[in-house]
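In: Give me coordinates for this.
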Amino acid sequence: MYSRSMEIRGYDAGTFPICSKQPNKCLDAIVGVFGPVLSSLRDGKISQVLPPTVLVPGEGRVRFAGSRFMLLHKAQMAMWKELKWETAEEFEQCNAMLRTLKELLSKYCAAKGVTWVHEDGDSGRGKKFFDALVAVARTETRPHRMCERLWTSTETLHHPGSKERELCSIVNDVIREDDRSYEGALDAPALLAPATAFVCMLQFHLNAGRRKKNSHTKWPDGSNSDEKETVFRGSGLPVTHPVTGAPVQGFFRSLAGRDQWYRVPHPLATSFRKRVMSTFLGIVHSNDPAMPLVEWTIRFDAAKERPPHVNFLDKTEVPGEEELLFSAYAAFRVLEFHPPKSGDGANRDDPFRITLEAHYDNAMVSENIPSAPWH
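Out: Predicted structure coming up:
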């Protein structure tokens, strides 16, 4: 196995001719062999074992059990535990977050052909985007507040062949792809490592901020939300995935009414308010008038505990969004799937309507369940 201290670890170049130079190949080998084992272990305990699931047509390219994200996430959390990261000075935690952000964006720009710094030393689009995010982050001094500002920032980066991207979209794209789009990079996982570190910081600090108060700061109880124990989301829902060709609509249709959980392979933003859902549908429609639209209604089981992997964002760059953020790879199941009454769903007044149930505890769901191809 790849190691910076190979002579101490008993490294044999004859046995590991590839791992020594391409650690991503080593990681692929580990996932391929031990993925099923890793998915059944959690901190030395056997997690709830659910019946093996069959492949669902249209499911995402990687499940949590076999993802690089899972290995990098666990490694990051183990390192923080060893270093007692929660006791570090808050200014150092904030600086570490910005260093991680710079690494992610500089590598993302390199992969997408976006100039970071021009030859004359002037900042390119990439560096200007990063500087704008730093300015947003520096309005806060607490790590969890800085996370909220960065995640909800409306600053955008444009790169050739794509629409303008906010930071949250960039992070979601990288986590969803799990570095599958960047095979062969000698420094792999080139983008996934800093993206995972950023998500770890986001989730760690948001959870820590909530734990200090020993409760969720805000919850949809019907008086502060359109419906009790319910949040909403608006997005596009293509017939097929634009890259893989997988049947996106067919994936959710096939799961409707079945006792089959799936995971969303990135953090998932939702809102207490239907008007916010409608706003995002309008944005999708404005960017691509032919894109089918979907109204997501996500319900919580009031009889269960409130999920530990969900956080309300108090400090946001977009006032009134009332955002409730699910951690990456949160589990859901499809309760109802309603296609448009007529047409293909591109009409804002007649979109797809999908109702989900959010699981109350990700740790109680198998890691080897399908991933959504789109959300």
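
In: if you go through the stretch 101-250 of the chain in chain order, where are the helices?
Out: With DSSP state H, counting those that start in this stretch as the criterion, the stretch 101-250 of the chain has helices at 125-137, 143-151, 167-177, 192-213, 248-255.

In: Buried residues in the last one, which are they?
Out: In terms of neighbour count (16 or more other CB atoms under 10 Å), helix 248-255 has its buried residues at 248-249, 251-255. Using the backbone N, CA and C atoms, a C-beta is placed for each residue, glycine as well.

In: cool, and the fourth one?
Out: Buried residues in helix 192-213, counted by 16+ other CB under 10 Å: 192-207, 209-210.

In: Would you format the buried residues of helix 248-255 as JSON lines with pLDDT and distance to residue 127 included?
Out: Shown next, in JSON lines, are the buried residues of helix 248-255 (pLDDT from 0 to 100; distance: CB to CB, whole Å):
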{"residue": "248", "pLDDT": "94", "distance to residue 127": "35"}
{"residue": "249", "pLDDT": "96", "distance to residue 127": "39"}
{"residue": "251", "pLDDT": "96", "distance to residue 127": "38"}
{"residue": "252", "pLDDT": "97", "distance to residue 127": "39"}
{"residue": "253", "pLDDT": "96", "distance to residue 127": "44"}
{"residue": "254", "pLDDT": "95", "distance to residue 127": "45"}
{"residue": "255", "pLDDT": "96", "distance to residue 127": "43"}
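
In: could those be laid out in a markdown table, adding distance to residue 120?
Out: Output for these, formatted as a markdown table (distance: CB to CB, whole Å):
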| residue | distance to residue 120 |
| --- | --- |
| 248 | 44 |
| 249 | 49 |
| 251 | 49 |
| 252 | 50 |
| 253 | 54 |
| 254 | 55 |
| 255 | 54 |
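
In: Among these, which one sits closest to residue 114?
Out: Ranked by distance to residue 114 (CB to CB), those are led by residue 248 at 27.5 Å.

In: so that closest one touches residue 239, yeah?
Out: Yes: Residue 248 is in contact with residue 239 according to CB atoms under 8 Å; the separation is 6.7 Å.

In: Tell me which residue is most central in the protein.
Out: Compute the mean C-alpha point of the chain, and by CA atoms, centre = their mean the closest residue is residue 266, 1.8 Å away.

In: now the helices for the stretch 251-375 of the chain?
Out: In the stretch 251-375 of the chain, the helices defined using DSSP H, counting those that start in this stretch lie at 274-287.

In: Quick one: the strands in it, in order.
Out: 262-264, 268-271, 293-300, 310-312, 323-326, 330-338, 352-358 (DSSP state E, counting those that start in this stretch).

In: for the fourth one, what is the average pLDDT?
Out: Right, the one you point to is strand 310-312. Average pLDDT, strand 310-312: 90.

In: ditto for the fifth one
Out: Taken as a whole, strand 323-326 has a mean pLDDT of 94.

In: and that strand, what does it pack onto?
Out: Taking 3 or more CB pairs under 8 Å, 6 or more residues apart in numbering; DSSP states H and E as the contact definition, the neighbouring helices and strands of strand 323-326 are strand 268-271, strand 310-312.

In: how is the chain carved up into domains?
Out: Listed domain ranges for the chain are 84-213, 230-364 (source: automatic domain parsing).

In: that older thread, nearest to residue 56 among the helices and strands packed on strand 323-326 would be which one?
Out: Distances from residue 56 to each of the helices and strands packed on strand 323-326 were compared by CB to CB, and the smallest falls on strand 268-271, at 18.4 Å.

In: helices or strands up against the closest one?
Out: With contacts taken as 3+ CB pairs under 8 Å, 6+ apart, strand 268-271 sits against strand 230-236, strand 323-326.

In: quick one, phi psi at residue 225?
Out: Reported as degrees, to the nearest 10, the phi and psi values for residue 225 are phi -140, psi 170.

In: Could you check how far the residue nearest to it when sequence neighbours are not counted is from residue 139?
Out: Excluding its sequence neighbours, the residue lying closest to residue 225 (CB to CB, 6 or more residues apart in numbering) is residue 272, at 3.8 Å. Summarising the geometry, the distance separating residue 272 from residue 139, computed by CB to CB, to the nearest Å, is 24 Å.

In: got it, and residue 202?
Out: 17 Å.

In: Residue 68 now?
Out: For residue 68, the distance to residue 139 equals 33 Å [CB to CB].

In: next one: residue 196
Out: Residue 196 is 25 Å from residue 139, where distance means CB to CB.

In: hmm, back to that, out of the strands of the stretch 251-375 of the chain, flag the one nearest residue 150.
Out: When the strands of the stretch 251-375 of the chain are ranked by proximity to residue 150 (CB to CB), strand 323-326 comes first, at 12.2 Å.

In: Parallel or antiparallel, list what pairs with that closest one.
Out: For strand 323-326, the paired strands and their directions (DSSP bridges) read strand 268-271 (antiparallel), strand 310-312 (antiparallel).

In: could you dump those strands to a markdown table with distance to residue 64 and mean neighbour count?
Out: Formatted as a markdown table, the strands paired with strand 323-326 follow (distance: least, CB to CB, whole Å; neighbours: other CB atoms under 10 Å):
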| stretch | distance to residue 64 | mean neighbour count |
| --- | --- | --- |
| strand 268-271 | 14 | 23 |
| strand 310-312 | 17 | 23 |
